[in-house]
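Peer 1: Fold the stuff below for me.
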Amino acid sequence: MSDYILRATAADGQIRAFAATTRDMVETARAAHNTSPVATAALGRLLTAGAMMGVMMKGEDDLLTLKIQGDGPIQGLTVTADSKGDVKGYVFNPSVMLPPNEKGKLDVGGALGLGVLSVIKDIGLKEPYVGQTILVTGEIAEDLTYYFATSEQTPSSVALGVLMNQENTVRQAGGFILQMMPGASEDVITRLELKLKEITSITTLLDVGNTPEMILEYVLGEFGLEINDKIPTRFYCNCTKSRVEKALISVGRKDIQEMIDDNKPIQVNCHFCNQNYEFSVEELRELLKKAVR
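Peer 2: I've put the predicted structure just below:
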């Protein structure tokens, strides 16, 4: 299992924790979308967060969508995850290039700029739950920390990171989400805050060989860490040609007829995985027969 998420508790259930290593997932996304280093870092962080937040959901068919819309050159990101560890996503402007920030790191905050983070949970109710917060820094981990505190009233610590190789492939990616449960004691909160101050960077921890197990042990070992679950996670898109056919049928007879009249095959692109599906004029004629309006 190369990429996986750990689900854990500590301090007799006062803390719940998730930690993930996601290098292969982020590299798959980078290769699919041909993202620049800063776009890879932004998408990789949001994919990692989406994967961990996805497995927080209970139902087998539950779906989580994270959307960031900003006024920076990257424009925005969308990530969708399920409760089984499958996640997919894309960047609005995958080729954006920026100089490093003042810390010499990839400037994800500068790429996103000012904007809004939306968290949409489709958990089988009539309407999906939608929570929104402003982007506090654009660095994504801090924005999600703020979201958990304001929209879900759950004090949390979120760490996310992507480290690139010189040839722009992904060297390390991962993160953790630690959350205080209702009724957590002041002593536990204070001790955890002090421990978290010792961590400079999640990618530094991963790059020297630490696994998610070791990272959680380092942060939560003194609180009586209990690892409850290990879940494989991956970049996975469930698009197929038949699904795209249904989408084409739904556009209606008039538009399909116009495509046929052009007398050229068409290509339909999946935003999430960048897969192209080609439909010949003959295939379009068959779809026209199935269209009802």
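
Peer 1: that's a helix at residue 154, yeah?
Peer 2: No - under DSSP: H, G, I helix; E, B strand; the rest coil, residue 154 sits outside any helix and is assigned coil.

Peer 1: quick one: low-confidence ranges for this structure?
Peer 2: Across the chain, the ranges flagged by pLDDT under 70 are 1, 292-293.

Peer 1: Now do the buried residues in the helix or strand harbouring residue 206.
Peer 2: Assigned by DSSP states H and E, residue 206 falls within helix 202-207. Residues of helix 202-207 classed as buried: 202, 203, 205, 206 (neighbour count, 16 or more other Cβ atoms under 10 Å). C-betas here are computed from N, CA, C, even on glycine.

Peer 1: Pull the distance from whatever helix or strand comes next after that helix to the chain's centre.
Peer 2: As assigned by DSSP H and E, the chain's next helix or strand after helix 202-207 is helix 212-220. Mean-position distance between helix 212-220 and its chain equals 22 Å (Cα atoms, centre = their mean, to the nearest Å).

Peer 1: what's near enough to touch the closest residue in space to residue 98 that isn't next to it in sequence?
Peer 2: The shortest distance from residue 98 to any non-neighbouring residue, by Cβ to Cβ, 6 or more residues apart in numbering, is to residue 107 (4.7 Å). The contact partners of residue 107, by Cβ atoms under 8 Å, 6 or more residues apart in numbering, come to 38, 98, 99, 100, 101.

Peer 1: If any of these are buried, put those into a ChimeraX selection.
Peer 2: Burial among these is assessed by 16+ other Cβ under 10 Å; the matching ChimeraX selection reads:
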select :38,98
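
Peer 1: Closest one of the contacts of residue 107 to residue 211?
Peer 2: residue 38 (27.0 Å; Cβ to Cβ).

Peer 1: Give the next helix or strand downstream of the helix or strand where the closest one lies.
Peer 2: Taking DSSP H and E as the criterion, residue 38 maps to helix 37-55. Later in the chain than helix 37-55, the nearest helix or strand by DSSP H and E is strand 63-70.

Peer 1: now the helix or strand that that following strand is followed by, how far from the centre of its chain.
Peer 2: Sequence-wise, the next helix or strand downstream of strand 63-70 (DSSP H and E) is strand 76-82. In this view, strand 76-82 has its centroid 5 Å away from the chain centroid, taken as Cα atoms, centre = their mean.

Peer 1: can you give me phi and psi for residue 163?
Peer 2: For residue 163, the backbone dihedrals are phi -110, psi 130 (criterion: degrees, to the nearest 10).

Peer 1: How about residues contacting the helix holding residue 206?
Peer 2: 21, 159-163, 171-176, 199, 214-215, 218.

Peer 1: Now do the residue nearest to residue 98 against residue 116, distance only.
Peer 2: 19 Å (Cβ to Cβ, to the nearest Å).

Peer 1: out of the contacts of helix 202-207, which are buried?
Peer 2: Applying 16+ other Cβ under 10 Å to the contacts of helix 202-207 flags 21, 159-163, 171-176, 215 as buried.
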